[in-house]
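>>> I'll drop the sequence and a predicted model, then ask my questions.
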Amino acid sequence: MPYLFDKEEILETIEKRPSSVRRLYVEREKVYLAYKIIEIAKKKGVQFKILPEVAFKKKAKGSELHFFLEVEPKDYIDPEIFLDHVRKKEDPVIFAFDGIYDPQNFGNILRSAGCLEIDGIVLPKDRTCPITEKVMEISKGGYEKVNLIRVVNLPRFIEELKTIGLSILGLDERGEKRIYEVDLTQPLCLVLGREDGIRALTRKKCDLFLRIPTSESFPSLNLATSFAIALYEVKRQRSSSSV
């Protein structure tokens with residue numbers, strides 16, 4: 001069962017997803033540090049338990065912090081329900097990843113997605129690391145704000161997005177167009193590869209490949225950084241077009 005130790009992430013989870021909380025644990029000798037959290041937990045009907053130091057340290061797996069939240073893992077959204085949601089949106093923006101192996105990348109991706117807001121992130125079932133405590137900690141609560149969709153066959157799901165009117169644009173350092181040269185205000189799914197690139201079957205579903213301009217001598221960006229830059233460019237264009 002995942003544990004959350006970051007104060008802001010704990011507050012976000014209790015406020016937004018109280019039904020997912022198993023229990024709040026607080027160290028008795030440091031209970032004054034958690035007064036605000038305890039009060040919000042009471043209002044939201046979240047159970048909490050105050051433990052003496054030795055019992056708390058044992059339960060907290062040696063953490064140096066003085067309170068933590070035990071939560072249920074976040075549920076993925078059913079793909080068909082998500083497709084119905086997308087059909088009702090005027091200009092949806094979705095990102096699909098052809099796998100994410102690194103928890104650090106996954107956490108940072110969820111943090112950026114939470115900050116900048118998108119309609120969803122699509123992930124393949126068999127090539128994505130789970131939402132672990134590390135992923136949640138790195139995301140700083142961002143994972144709570146993002147619709148996550150896990151699919152068995154990513155190319156087939158991308159094809160379904162295409163049939164309901166989304167443009168499918170791949171992001172690759174060898175892309176034909178620079179990212180800011182393409183209209184990103186249209187209904188859109190941006191496809192990023194896993195840490196070792198986009199697979200051939202997934203590439204075939206993309207209408208066009210974009211690139212983020214980088215140095216010729218060192219062109220490769222970290223996956224989470226590429227995602228953040230691409231998402232920011234989408235939001236920039238949409239903000240400019242609405243002025």
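On my side now, so go ahead.
>>> domain ranges for the chain?
Split into domains by automatic domain parsing, the chain comes to 3-71, 79-241.
>>> Start and end of the shortest one, how far apart?
I take that to be domain 3-71. Terminal residues of domain 3-71 lie 6 Å apart, using C-alpha to C-alpha, to the nearest Å.
>>> now stretch 206-223
So stretch 206-223: terminal residues 18 Å apart, C-alpha to C-alpha.
>>> Make TSV out of the domains of the chain and add mean neighbour count and mean pLDDT.
(Each C-beta comes from the backbone N, C-alpha and C, glycine too.) Output for the domains of the chain, formatted as TSV (neighbours: other C-beta atoms under 10 Å; pLDDT from 0 to 100):
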stretch	mean neighbour count	mean pLDDT
domain 3-71	16	88
domain 79-241	17	91
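>>> do you know how far the residue nearest the centre of the chain is from Ser240?
Central residue of the chain (C-alpha atoms, centre = their mean): Leu110, 2.7 Å from the mean position. To Ser240, Leu110 is 26 Å away according to C-beta to C-beta, to the nearest Å.
>>> these two touch, right, Arg87 and Ile164?
Yes. Here Arg87 reaches Ile164: they are 5.5 Å apart, a contact under C-beta atoms under 8 Å.
>>> The residue lying closest to Glu70 once chain neighbours are set aside: which element?
Nearest residue to Glu70, sequence neighbours excluded (C-beta to C-beta, 6 or more residues apart in numbering): Arg22, at 4.1 Å. Using DSSP states H and E, Arg22 falls within strand 21-27.
>>> elements contacting the helix or strand just after that strand?
Sequence order places helix 35-44 as the next helix or strand after strand 21-27, per DSSP H and E. Applying 3 or more C-beta pairs under 8 Å, 6 or more residues apart in numbering; DSSP states H and E, one finds that helix 35-44 contacts helix 7-16, strand 21-27, strand 48-51.
>>> wait, which of these is closest to Glu159?
Across those, Glu159 has its closest neighbour in helix 7-16 (32.9 Å, C-beta to C-beta).
>>> hmm, who's touching that closest one?
4, 20-21, 24, 36-37, 40-41, 44, 46, 67-69, 71, 136-137, 139-141, 144-145 (C-beta atoms under 8 Å, 6 or more residues apart in numbering).
>>> How about stretch 124-132?
Counting by C-beta under 8 Å, 6+ apart, 2, 73-74, 97-103, 106, 135, 143, 148, 150-154, 194 sit against stretch 124-132.
>>> Tell me which entries of those residues lie within strands.
Among the contacts of stretch 124-132, DSSP state E puts 97-98, 148, 150-151 in strands.
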